[in-house]
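**Q** next input, structure requested:
(chains A, B, C and D)
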Number of protein chains: 2
Amino acid sequence: MKNFFSILSASPLFSGIGAEGFGSLLGCLGAAVKSYGKDETVCFEGDAVSEIGLAVSGRLHLMKSDVWGNNSIVTEVTPPEMFAEAVVCGGLGRAPVSVVAKEPSEVLFIDYRKIVTVCPSACGFHARLIRNMIGVLARKNIMMSSKMEHMAKRTIRGKLLSYLGEASRQKGGRAFEIPYNRQELADYLSVDRSALSAEMSKLRAEGIIDYRKNHFELLRELAQ
Amino acid sequence: MKNFFSILSASPLFSGIGAEGFGSLLGCLGAAVKSYGKDETVCFEGDAVSEIGLAVSGRLHLMKSDVWGNNSIVTEVTPPEMFAEAVVCGGLGRAPVSVVAKEPSEVLFIDYRKIVTVCPSACGFHARLIRNMIGVLARKNIMMSSKMEHMAKRTIRGKLLSYLGEASRQKGGRAFEIPYNRQELADYLSVDRSALSAEMSKLRAEGIIDYRKNHFELLRELAQ
DNA sequence: ACCTTATCGTTGGTTATCCAACCGATTTGT
DNA sequence: ACAAATCGGTTGGATAACCAACGATAAGGT
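**A** Okay, the predicted model is just below:
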């Protein structure tokens, strides 16, 4: 809790809002911090939600349970990440996941209506906050779009080349590093790790790519 | 062009803003309509973009070209749908797709900065516009999340049951209709249509689901 | 009634993925 | 320096998906 402000400044939601803005802003947002013990549930699937959660400390799991009650982890949320922002901003009202604290955790709750309603004191940070919120949603949109584009390919080779092609385009060169190890990349593309390794070896043998660890190089233009 | 306002009112971006608001709003947004002939390019992949496009008439294709120049269609955009909103709002600046008019088309361009900047005349519709923009992005977020959840399953059976399970939950009952025919569902889940049909038959034979056309019924709790 | 088209289910051969298991290399901790 | 753990590549058998082709059914138009 002592580095509360440093967490906030690390959040894209509060970017461009200096520490001097936090005080007034949090006041007019009616933001409140709540604490949770290990394995305590922050929010149940199906609950009505109207507040955005921002992880301040600890570690949260978003879980989805099927009809049998089998729980599967959708994501892990760590400071300064947010959760429930899409449901709240989209006006769905019902949480599609449960949120559970996997460690003693603190969460800052922000009322969405207070964000989008111009505050009486017309504080200048408010407009910036809204722009930030839009930016967060939009960038998540873009990330998901490109991930879906990769996942939509029918073969591991297709998924991989789609991913590497985009990574190369983003880094602006044939050689680049990726932020994943093998297992993580396999999870990201939703394929089996060993099968991914095998496919990578094939691609190298065919002279299409080269790599070492998470450093990759595209040797030919790739036809997907 | 004669039903220009009816297109706008159908757009979620302008929902809650009556026809009386369009005039002043479009003025303070500096919105401009441009026309394009068949097969004319609205925007090239990689172009700098700072304006959101709203299809007013015609039909647009978002296309992605790989390194060979092979074009593939990402989406079709028809009135009153929008495009480029994520890139612009996310501040990426570069279009990840080309936009081509497949018919004579009209596009309303809206400057993003004019949306998020409070207008001098402080028109009341502005706040609503911003809330709408956030809502559009957030709902798209949610749709993509659930689609990814289905696509991430490794088998056709898994994808299908994941999809049907959510559809059932949303409709609040075991029996429901889906908005896709077989081919469209296969495309949505990114699998082969005939394989999807075959898997559906199996599930029916096993007494897990029943269906006719696009009407479905879940007969047992489903373990995915 | 007839033809055309679209949709859906089925089948069989081919191919790719999954999965478990194993090994080697590298890293980490003590 | 040694043991334990992590990570990446390889292999082979079981399984599932792809793909093309065909037939059945239903819908729409003339």
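**Q** show me the shaky parts of chain A.
**A** Per-residue confidence for chain A (pLDDT under 70) gives these ranges: A:1-2, A:65-71, A:118-123, A:221-224.
**Q** show me it divided up by domain.
**A** Listed by automatic domain parsing, the domain ranges of chain A are A:4-143, A:153-218.
**Q** any idea how far the longest helix anywhere in chain A is from the chain center?
**A** Counting by DSSP state H, the longest helix found in chain A is helix A:125-151. The chain centre lies 10 Å from the centre of helix A:125-151; the measure is Cα atoms, centre = their mean, to the nearest Å.
**Q** what about it, near DNA strand C?
**A** No. On the criterion Cβ under 7 Å from any atom of the strand, helix A:125-151 is out of touch with DNA strand C, staying 10.6 Å away. From N, CA and C alone the C-beta is placed, and that goes for glycine too.
**Q** and that helix with DNA strand D, contact?
**A** No. Contact of helix A:125-151 with DNA strand D (Cβ under 7 Å from any atom of the strand) is absent, the minimum separation being 11.5 Å.
**Q** in stretch A:151-169, which residues are buried?
**A** Residues of stretch A:151-169 classed as buried: A:151-153, A:156-165, A:167-168 (neighbour count, 16 or more other Cβ atoms under 10 Å in any protein chain shown).
**Q** for chain A, just list every one of the helices.
**A** A:4-10, A:19-29, A:85-90, A:112-116, A:125-151, A:156-171, A:182-189, A:193-205.
**Q** and these as JSON lines, adding distance to B:Arg94?
**A** Shown next, in JSON lines, are those (distance: least, Cβ to Cβ, whole Å):
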{"stretch": "helix A:4-10", "distance to B:Arg94": "26"}
{"stretch": "helix A:19-29", "distance to B:Arg94": "30"}
{"stretch": "helix A:85-90", "distance to B:Arg94": "24"}
{"stretch": "helix A:112-116", "distance to B:Arg94": "28"}
{"stretch": "helix A:125-151", "distance to B:Arg94": "11"}
{"stretch": "helix A:156-171", "distance to B:Arg94": "10"}
{"stretch": "helix A:182-189", "distance to B:Arg94": "23"}
{"stretch": "helix A:193-205", "distance to B:Arg94": "27"}
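**Q** relative to B:Gly90, which of the ones you listed is closest?
**A** With respect to B:Gly90, and counting by Cβ to Cβ, the nearest of those is helix A:125-151 at 3.5 Å.
**Q** and the closest one, what does it pack onto?
**A** helix A:19-29, helix A:85-90, helix A:112-116, helix A:156-171, helix A:182-189, helix B:85-90, helix B:112-116, helix B:125-151 (3 or more Cβ pairs under 8 Å, 6 or more residues apart in numbering or on different chains; DSSP states H and E).
**Q** now the angle between helix B:125-151 and that helix, please.
**A** 30 degrees (axes from the mean of the first three to the mean of the last three Cα atoms, to 10 degrees).
**Q** give the buried residues for helix A:125-151.
**A** Buried residues in helix A:125-151, counting neighbours by 16+ other Cβ under 10 Å, are found at A:125-126, A:128-141, A:144-147, A:149-151.
**Q** list the contacts of A:Lys202.
**A** A:Arg157 (Cβ atoms under 8 Å, 6 or more residues apart in numbering or on different chains).
**Q** and it, how far from DNA strand C?
**A** Taking Cβ to the nearest atom of the strand, to the nearest Å as the measure, A:Lys202 falls 9 Å from DNA strand C.
**Q** what about that residue, distance to chain B?
**A** In this view, A:Lys202 and chain B are 20 Å apart by Cβ to the nearest Cβ, to the nearest Å.
**Q** A:Asn214 and chain B, how far apart?
**A** 22 Å.
**Q** from what I see, that residue and A:Gln183 are in contact.
**A** No. In this structure A:Asn214 lies outside contact range of A:Gln183 using Cβ atoms under 8 Å: 11.7 Å.
**Q** which of these two has more residues huddled nearby?
**A** A:Asn214 (14 against 11; other Cβ atoms under 10 Å in any protein chain shown).
**Q** residue contacts, that one?
**A** A:Glu177, A:Ile178, A:Pro179, A:Tyr180, A:Asn181.
**Q** grab the nearest non-local neighbour of the third one.
**A** Meaning A:Pro179. Once flanking residues are discounted, A:Pro179 sits nearest to A:Asn214: 7.4 Å by Cβ to Cβ, 6 or more residues apart in numbering or on different chains.
**Q** please report how far the closest residue to A:Phe14 other than its chain neighbours lies from A:Ile17.
**A** Nearest non-adjacent residue to A:Phe14, counting by Cβ to Cβ, 6+ apart: A:Leu8, 4.8 Å away. Separation of A:Leu8 from A:Ile17 (Cβ to Cβ, to the nearest Å): 8 Å.
**Q** near DNA strand D, which residues of chain A are found?
**A** Counting by Cβ under 7 Å from any atom of the strand, chain A sits next to DNA strand D at A:Arg154, A:Asn181, A:Arg182, A:Gln183, A:Ser194, A:Ser197, A:Ala198, A:Met200, A:Ser201, A:Tyr211, A:Lys213, A:Asn214.
**Q** quick one on the thing from earlier: more neighbours: A:Leu8 and A:Ile17, which one.
**A** Counting neighbours by other Cβ under 10 Å for A:Leu8 and for A:Ile17 shows that A:Leu8 has the greater number, 23 against 20.
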